[in-house]
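> Give me the fold of what follows.
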Amino acid sequence: MGKNEVGEVQVERLDGIPVIFGQLQKMHIQAAIDEVMEPHGNWEGLSPGWVIMIWLVHILSEHNHNMDRVQEWVSKRLQILRALTGQALKTLDFTDDRLALCLRKLSQVGDWQRIEAQLGGHLVRVYRLGAEPTVRLDATTGTVNHDPDQHPLFQVGKAKNGQYETQYKLMLASLDPLGLTLAVDVVSGERADDPLYLPCYQRVKQVLSEKGVLVVGDSKMSAFSTRTAIAAGSDFYLTPLAHLKSEPELLEELLAPWLEREEEMERIFLPEDGPNPDPKLAIGHGFEVSRTQESEVNDQNVTWMERLLVVRSYQYEQAIQRGLHRRLQKAEKALKALTPTRSRGKRQIKDEASLQAAIQRIEEKYRAAGLFHYRYEQEVSERQVRAYGNQPARTERQVRVQLTVERDAEAIAAAEFRAGWRIYATNAPAERFPLGRAVLAYRDQYIEENIFRRLQGKILSITPVYVQRDDHAKGLFHLLTLAARLLALGDHLAKGNLAQEKVELAGIYPGNPKRSTATPTTERMLAAFNNVNLTVVPVAGQLHYQVTPLTAVQHRILELWELSDSLYTQFSA
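Next comes the predicted model:
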């Protein structure tokens, strides 16, 4: 090559790779994994922690977790990855076999729980805000096409849609306000949710050792044994009671003294409504009562005061009442159709017992028992039949039962009054969590749903599951929850820093550069780094590097994430 001769120019895409790497490095992903995972005796090259960390970069930048794509991806970015990691990584570090070994190690419950404890302890120390930690527990399922006879992890169970499908189940615990996953349990799909809450809570306590943690979960967390264990651990629970199963008469008993006093109940408002809100802005109202609970834990008697928060959401009330009237309309139509007028082809009910059985079936179908008044009338008609052939003349007698249906206005009014009520149970003191604040804390349960949405979304795509071995699948699920942690932390950092500065972030919405938001998602911010390239130019035997200059928006995102521009500028030389 001559003195000024320029060789073939090469372009490598940087995009969001450096910023993803920077976030993973701050999370101590590699350090936590290598602290726990001891490589096999024949393991050579990059450590498991570094292999998994680079795989996570691939997943979050390429939106693909398939093992067979990683080695080729790495081969096209060796220079970038070596500069970021400072490791002499090779493409052979990322073969399918090497990645499968990592999944097997991640699937081992003991190793995984130690990794989570290491990682969780670091993240809580670095990121958690506030002195009153809140942990949310919830479970979700994923449907697969595997044969349950061959895969113990994938079993037939009841899915969220009410259908029975071959599935696995994830139990997650996350920390507010980050929405950060602290503990993940992967179990077979036929397992019930209720017994999964307590072990998950106990694992969280290995990370959050302090007392007074508020644990929030849906009605499946309301099992008495779970509430007992949380109270015995000097923590607080907040959960809707599954009272229809455990205490079917409880709501009626609690509401009875308030039948004519609903206006006296405490109104519930959103925080943004201010200290003296307009009563018309209320989202609901309710009252509370207290009761003493007692049980035994490890042969020790435990007694605590439990508050029952009886709350009616106006929106929920309206939805339930609309459903009630739809059911009434359908039930009334079906009931009246039981005894049609006599005509050809219309089947008649001839006895009262058959009619009552038919009424019961309709009431059960539309959940309308006790909401109608019935009156039965037996109609008998006779006609004379003349003799014909060998048949003598006779009187033919026909019997039918006529049903009159009327709505029971008083019973319907009582059902309308019961509509929209929920009973929340908590042992948190009223000074810390008064009724309104407790209800709003439960309304934030969508934070946990965001984690599930991300795991099932475009970037992480936890399903469909292509791996065939159960241990590979379990390890993959654990791996993807590590990626979900990064997405949650990105949200939290940006939102917190923007709130502190009282500004919004603009420039992350394609086609609408002026649109801004105070709560940008990590996905949108990562997409803002698309088309950042590293250009390699050989000149006179030397390589010259140039990185696409970062835009003002990209600089701003790095600031919000508390990352240095050097993640990109280090490549320029």
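
> D235: how many residues sit nearby?
22 (other Cβ atoms under 10 Å). (Each C-beta comes from the backbone N, C-alpha and C, glycine too.)

> Would you confirm that it contacts K211?
Yes: with contact defined as Cβ atoms under 8 Å, D235 counts as touching K211 (6.4 Å).

> who touches stretch 277-287?
Residues outside stretch 277-287 that contact it (Cβ atoms under 8 Å, 6 or more residues apart in numbering) are 258, 262, 265-270, 273, 309-317, 435, 439.

> Restricted to strands, list those residues.
Within these, residues falling in strands by DSSP state E are 266-268, 309-313.

> which of those residues lies closest to G189?
Using Cβ to Cβ, S313 is the member of the ones in strands among the contacts of stretch 277-287 that sits closest to G189, with 31.9 Å.

> how many neighbours does the closest residue to H65 other than its chain neighbours have?
With sequence-adjacent residues excluded and distances taken as Cβ to Cβ, 6 or more residues apart in numbering, H65 is closest to I59, at 4.9 Å. Around I59 there are 23 other residues, counting by other Cβ under 10 Å.

> just checking, I59 is part of a helix?
Yes: read with DSSP: H, G, I helix; E, B strand; the rest coil, I59 is one of the residues of a helix.

> Kindly list the longest helix within the protein.
What stands out as the longest helix in the chain, according to DSSP state H, is helix 470-501.

> one step back: narrow the ones in strands among the contacts of stretch 277-287 to those that are buried.
Buried members of the ones in strands among the contacts of stretch 277-287, counted by 16 or more other Cβ atoms under 10 Å: 267-268, 309-313.

> Let me know the closest of these to R114.
The shortest approach to R114 among these belongs to L309, at 38.1 Å (Cβ to Cβ).

> Where do the strands of the stretch 301-450 of the chain begin and end?
372-385, 394-407, 421-426 (DSSP state E, counting those that start in this stretch).

> Nearest to K333, out of the ones you listed?
So among those, strand 394-407 is nearest, using Cβ to Cβ, at 9.6 Å.

> Show the average pLDDT along the closest one.
Average pLDDT, strand 394-407: 76.

> Render the CA-only coordinates of the host helix or strand of Y545 in PDB, please.
In this assignment (DSSP states H and E), Y545 forms part of strand 542-547. What follows is strand 542-547, C-alpha atoms only, in PDB (Å, rounded to 0.1, in the frame of the first residue of the first chain):
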ATOM      1  CA  GLN A 542      -2.400   1.900   9.500                       C
ATOM      2  CA  LEU A 543      -6.000   1.600  10.700                       C
ATOM      3  CA  HIS A 544      -7.900   4.800  11.400                       C
ATOM      4  CA  TYR A 545     -11.200   4.600  13.300                       C
ATOM      5  CA  GLN A 546     -14.100   7.000  13.300                       C
ATOM      6  CA  VAL A 547     -17.400   6.800  15.200                       C
END
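
> What strands flank that strand, and is each parallel or antiparallel?
strand 533-539 (antiparallel) (DSSP bridges).

> Using neighbour counts, pick out the buried residues of the strand it pairs with.
534, 536.

> what about it, distance to the chain center?
Centroid separation between strand 533-539 and its chain, computed with Cα atoms, centre = their mean, to the nearest Å, is 45 Å.
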